[in-house]
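Engineer: only geometry, no sequence info:
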């Protein structure tokens, strides 16, 4: 007889990255409590806990301390993020841990709706209960087979509405007590769960604000804005290595390729550069058509050489990654991708600039103009990486002089340099 169970779900870990793991010491776990006490805690002290994972962990322990026979408690929440559709918090009594993970948008396409309890509860508004220990158990979700193997006897999933309408959350409870949950316990779990949005909405909105700002402004800049640095004209003078890069032949390629194909190509191109920039401590400030502007902050006067080294290493890695993309395009009959990267070290004003009702948190100053002019020279010379004289002084390592160049719009000529080609850096 064929096994009717749904196939086990195994995802690429990158689609479900772990954000936080909370393991409360046994001495700090509540030993006794009441459901009314949990409800009061949710509207008071819970809102002052540092993270959503820590708050949910304490919620689960408090619920267990009331005498409810809990093996596992979870909460699934929707979010607004370009990579992830939601977050999941999972507490297990047996491990003593709460694990928070993010769920990538791609996961939605990997699970059929009828096998996805979260979608049925959050989108469909269903309340799901499955007895796991009875002879005729309906184990129609993959998770139920996993839970049965861990001794679970009953599963309850509840839709919980957020403050902004719709069922923004699913809360589930699992017991391993023989006979499952009693009906009064189901009523208690349902009643207390409706209080969860008092806390969950606060953490969810904080997370969404951070996600959106980080996605559109960058992690460091986003956190500055979230911390209150939003007044127009407010800024600070910082030293940094500036990065300006651009795709060669963009106009010709965009005229020839369909829009969707061009967007996919640009996304892959920016991903290749972004990983190298972030891995070396830089931050992308903005995308400008087919190019981007990034900075590698010089935190202290003695850190200029390190910032310059990180920026140059990032440029070499980005070029290698873009070359790999070009190899894939060549196999499909497309010309390879070629970018140029310009690097310059200088001082910029980093802050809020723009109209009264439309601001941009970015950098301005002569250094920004200079790095864009160096990028133009890199195209003219057909060199992948060109750096300024100020960068060369900060870097203090071997570079190849390209001579003195008069940069457009600048009074004084500047000596420009290229990396020294070695076996370790064939892309330079």
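Structural biologist: Structure's in. What do you need? Remember, predicted model here, so these are calculated numbers, not experimental data.

Engineer: and stretch 345-360, what's its mean pLDDT?
Structural biologist: When pLDDT is averaged along stretch 345-360, the result is 83.

Engineer: buried set for that stretch?
Structural biologist: The neighbour-count check on stretch 345-360 (16 or more other Cβ atoms under 10 Å) flags 345-346, 348, 350-353, 359 as buried. For glycine as for every other residue, the C-beta is placed from the backbone atoms N, C-alpha and C.

Engineer: now these in CSV, with distance to residue 198 and secondary structure?
Structural biologist: Conversion of the buried residues of stretch 345-360 to CSV gives the following (distance: Cβ to Cβ, whole Å; DSSP: H, G, I helix; E, B strand; the rest coil):
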residue, distance to residue 198, secondary structure
345, 50, strand
346, 49, strand
348, 44, strand
350, 38, strand
351, 36, strand
352, 34, strand
353, 39, strand
359, 33, strand
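
Engineer: closest to residue 385 among these?
Structural biologist: Residue 385 has its nearest neighbour among the buried residues of stretch 345-360 in residue 345, at 14.4 Å by Cβ to Cβ.

Engineer: pretty sure the closest one is touching residue 240, no?
Structural biologist: Yes. Contact criterion Cβ atoms under 8 Å: residue 345 and residue 240 qualify, at 7.4 Å.

Engineer: which neighbours do these two share?
Structural biologist: In terms of Cβ atoms under 8 Å, 6 or more residues apart in numbering, residue 345 and residue 240 are both contacted by the residues 298, 307.

Engineer: follow-up on the earlier one: and the two most separated of the buried residues of stretch 345-360?
Structural biologist: Across these (Cβ to Cβ), the longest gap, 26.7 Å, separates 345 and 359.

Engineer: CSV for the buried residues of stretch 345-360, including distance to residue 118?
Structural biologist: Converted to CSV, these look like this (distance: Cβ to Cβ, whole Å):
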residue, distance to residue 118
345, 49
346, 50
348, 45
350, 41
351, 41
352, 39
353, 42
359, 37
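
Engineer: what is the neighbour count of residue 290?
Structural biologist: 20 (other Cβ atoms under 10 Å).

Engineer: show me what contacts it?
Structural biologist: 246-247, 250, 266, 269.

Engineer: residue 255 sits in which helix or strand?
Structural biologist: Assigned by DSSP states H and E, residue 255 belongs to helix 250-256.

Engineer: which one of the contacts of residue 290 has the most neighbours?
Structural biologist: Among these, residue 269 has the most neighbours (other Cβ under 10 Å), with 23 neighbours.

Engineer: any idea how far it lies from residue 294?
Structural biologist: 14 Å (Cβ to Cβ, to the nearest Å).

Engineer: now swap in residue 206 and tell me
Structural biologist: For residue 206, the distance to residue 294 (Cβ to Cβ) stands at 27 Å.

Engineer: between those two, tell me which one has more neighbours.
Structural biologist: residue 294 (27 against 13).

Engineer: surely the more buried one touches residue 287?
Structural biologist: No. Applying Cβ under 8 Å as the test, residue 294 and residue 287 come out as separate, 10.0 Å apart.

Engineer: could you pull out the buried residues of stretch 151-164?
Structural biologist: Those would be 152-160, 162, for stretch 151-164 by 16+ other Cβ under 10 Å.

Engineer: now do the helices in this structure.
Structural biologist: 35-43, 52-65, 105-110, 117-122, 142-149, 183-193, 197-217, 219-226, 250-256, 259-279, 304-331, 366-381, 389-395 (DSSP state H).

Engineer: which one of the ones you listed lies closest to residue 82?
Structural biologist: For residue 82, the closest of those is helix 197-217, at 5.2 Å, according to Cβ to Cβ.

Engineer: could you measure from residue 13 over to residue 271?
Structural biologist: 18 Å.

Engineer: these two: which is more packed in?
Structural biologist: Between residue 13 and residue 271, residue 271 has the larger neighbour count (other Cβ under 10 Å), namely 12 against 9.

Engineer: if I pick the more buried one, what's in contact with it?
Structural biologist: Here residue 271 is in contact with no residue (Cβ under 8 Å, 6+ apart).

Engineer: before we move on, what about the one 10 residues further on?
Structural biologist: If you count contacts by Cβ under 8 Å, 6+ apart, residue 281 has them with 296-297, 307, 310.

Engineer: which of those residues sit farthest apart?
Structural biologist: Using Cβ to Cβ, the two most remote members of these are 297 and 310, lying 10.2 Å apart.

Engineer: looking at those two, which one has more neighbours?
Structural biologist: With neighbours defined as other Cβ under 10 Å, residue 297 and residue 310 compare such that residue 310 has more, 19 against 16.

Engineer: just checking, that one touches residue 282?
Structural biologist: Yes. At 7.0 Å, residue 310 counts as touching residue 282 under the criterion of Cβ under 8 Å.

Engineer: report the set of residues contacting both of these two.
Structural biologist: Listed contacts common to residue 310 and residue 282 are 241, 296; contacts here mean Cβ under 8 Å, 6+ apart.
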